[in-house]
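Student: have a look; sequence and predicted model below, questions after that.
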Amino acid sequence: MIDHSWFEDLKERIDDEGADLSPQQLQTVLECLADTVKARLAAGESIEIPGWGRFEARELEGRHGMNPKQSGGRIWIESQKVVEFEPAASLRERLPERSPSTG
């Protein structure tokens, strides 16, 4: 199940800032933001959102790997485009510390 409570939190925060947006207007703003970021990434551009982080599209080169569904035989993995995200320092500072791995 997807938790959509963040949308209400965002709406309250925007209301607190004095912008009176309906839920439909807020949805439109978020869709425009997402569409713009996707279009810029598809064009090969990097996107930096202050206080949030940087998105960058890049291509992973083809490589050999192991087939996890069969006997572990070698397979060729085609090159593919991926999106990388690097959080801004202010966002990283707000995240909890990583606990040591218990492997």
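Tutor: Ah, there it is.

Student: from now on I want contacts and neighbour counts done on CA atoms only, so please keep to that.
Tutor: Fine.

Student: contacts for the helix or strand of the chain with the lowest mean pLDDT next, please.
Tutor: Ranked by mean pLDDT, DSSP states H and E, the weakest helix or strand in the chain is helix 5-16, scoring a mean of 82. By Cα atoms under 8 Å, 6 or more residues apart in numbering, the residues outside helix 5-16 that reach it are 20-21, 23, 26.

Student: which of the residues in that helix are buried?
Tutor: residue 11 (16 or more other Cα atoms under 10 Å).

Student: now it, how far from the chain's geometric center?
Tutor: 20 Å (Cα atoms, centre = their mean, to the nearest Å).

Student: show me what the longest helix seen in the chain is packed against.
Tutor: Criterion DSSP state H: the longest helix present in the chain is helix 23-42. If you count contacts as 3 or more Cα pairs under 8 Å, 6 or more residues apart in numbering; DSSP states H and E, helix 23-42 packs onto strand 46-49, strand 53-60.

Student: now these as a markdown table including distance to residue 71, mean neighbour count and mean pLDDT?
Tutor: Shown next, in a markdown table, are the helices and strands packed on helix 23-42 (distance: least, Cα to Cα, whole Å; neighbours: other Cα atoms under 10 Å; pLDDT from 0 to 100):
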| stretch | distance to residue 71 | mean neighbour count | mean pLDDT |
| --- | --- | --- | --- |
| strand 46-49 | 39 | 15 | 92 |
| strand 53-60 | 25 | 16 | 92 |
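
Student: tell me which element the most far-flung residue of the chain relative to its centre falls in.
Tutor: What lies farthest from the middle of the chain is residue 71; by Cα atoms, centre = their mean that is 33.7 Å. Residue 71 belongs to no helix or strand when assigned by DSSP states H and E.

Student: and for residue 99?
Tutor: With DSSP H and E as criterion, residue 99 is part of no helix or strand.

Student: can you tell me how far it sits from residue 89?
Tutor: Distance, residue 99 to residue 89, using Cα to Cα, to the nearest Å: 19 Å.

Student: what's across from the residue positioned nearest the centre of the chain in the sheet?
Tutor: Centroid-nearest residue in the chain: residue 85, 6.1 Å away (criterion: Cα atoms, centre = their mean). Residue 85 has these beta-bridge partners by DSSP bridges: residue 55.
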